[in-house]
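Peer 1: What follows is a predicted structure for the sequence shown.
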Amino acid sequence: MTETKEIETGNFAVPRWLLCPPDSIRVVNWNIDRGLQLQRVIEFLASVKADILLLQEADVNAKRTHHVNVAREIAQKLQMNYVFGREFEELTQGTRASPAYHGQATLSRWPLANFRIIRFQKQSNFWRPRWFLPEISPFQERIGGRLALVGEANIAGTAIATYNLHLESKGDDELRDSQLDEVLADAKRYSLSTPTVLAGDFNLDVSSGTAAGAIRHAQFDDAFLNRHARSTPGSFFGHGRIIDWIFTRGPIRANKQQVYHSVSASDHYPLSVDLAFP
């Protein structure tokens, strides 16, 4: 395992020696709700046999998840490589001597490289510590900010760029739109011939409005072909929301799209899609 101030990596995948990429790969996108039900999360991810996992809300050393490094635990159990990006230091979940973190994780059965973080310029102030708030879990006092974890998976010589997003849950759609705009601007560094996956918890229905126009302008396609199902469970107050998304760009074709409404290991449902190479 290697670690920098904001990024942690580990390699647990069995090396593969293929001369050309497979016909298709499977990508799963899922907000795993900190890993509170980690065993059930691992069981589902093992069953779906994905090549790339884009996970949001993974804990590291937090009291609520028994001080486990959630991303590393999943990677070890599934024999995958992983990169974890620190979104927040969770002040009520660790100590000064043993801090706790929270963020995004990208995992792959293939080598991962060139990972970096886009820390959004515009952030909500909702999470910041305040002198009048007690340091207890319900107030979720944090240091840090929302981000996109960006990098590449090398699949038998073919590099696939991945953007793993978690847009702000507080604030308004204008804030989320500005965060998404930063990601789309960054994606210009990749040519249209580079297979690119943009996915995550957007906390926003991006099927219409400003966000939809920006995504189309950046030439990303909805992997679910505009037939998106709700990605959070319903309740007495509503039917659930469509806020988790997978978009693609470049020479890949999406098929076998699925939202797993039977999986109850998180407050979000996992999404999967198979990406075929031409």
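Peer 2: Sure, I can see it. Numbers count the residues shown, from 1 in each chain.

Peer 1: okay, and for the stretch 151-278 of the chain, where does confidence drop off?
Peer 2: In the predicted model of the stretch 151-278 of the chain, residues 236-238 satisfy pLDDT under 70.

Peer 1: need the strands for it, in chain order.
Peer 2: Assignment of strands within the stretch 151-278 of the chain using DSSP state E, counting those that start in this stretch yields the ranges 158-166, 196-201, 221-222, 244-249, 253-259, 271-276.

Peer 1: CSV for the ones you listed, including distance to residue 86 and mean neighbour count?
Peer 2: Any C-beta I mention is one placed from the backbone N, CA and C, and that applies to glycine too. Shown next, in CSV, are those (distance: least, CB to CB, whole Å; neighbours: other CB atoms under 10 Å):
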stretch, distance to residue 86, mean neighbour count
strand 158-166, 12, 23
strand 196-201, 16, 26
strand 221-222, 29, 18
strand 244-249, 21, 23
strand 253-259, 28, 15
strand 271-276, 24, 20
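
Peer 1: Rebuild the ones you listed as CSV, extending it with distance to residue 42.
Peer 2: Compiled in CSV, the strands of the stretch 151-278 of the chain are given as follows (distance: least, CB to CB, whole Å):
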stretch, distance to residue 42
strand 158-166, 19
strand 196-201, 19
strand 221-222, 29
strand 244-249, 19
strand 253-259, 19
strand 271-276, 16
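
Peer 1: Now do the biggest helix by length in the chain against strand 244-249: the angle between them, please.
Peer 2: Counting residues, the longest helix in the chain under DSSP state H turns out to be helix 173-186. With axes from the mean of the first three to the mean of the last three CA atoms, to 10 degrees as the basis, helix 173-186 and strand 244-249 are set at 30 degrees to each other.

Peer 1: Which strands or helices does helix 173-186 pack on?
Peer 2: Packing partners of helix 173-186 (3 or more CB pairs under 8 Å, 6 or more residues apart in numbering; DSSP states H and E): strand 112-119, strand 147-155, strand 158-166, helix 209-217.

Peer 1: So for residue 54, which of those sits nearest?
Peer 2: Proximity to residue 54 (CB to CB) singles out strand 158-166 among the helices and strands packed on helix 173-186, at 4.4 Å.

Peer 1: Straight-line length of stretch 12-28, end to end?
Peer 2: 18 Å (CA to CA, to the nearest Å).

Peer 1: can you list contacts of it?
Peer 2: Stretch 12-28 has contacts (CB atoms under 8 Å, 6 or more residues apart in numbering) with 45, 48-54, 75-76, 78-82, 108-111, 155-158, 160, 197, 199, 246, 255-256, 270-277.

Peer 1: Would you mark the buried spots in that stretch?
Peer 2: By 16 or more other CB atoms under 10 Å, the buried positions in stretch 12-28 come out as 12, 13, 21, 24, 25, 26, 27, 28.

Peer 1: and the second one, how far is that from residue 111?
Peer 2: In this case it means residue 13. 8 Å (CB to CB, to the nearest Å).
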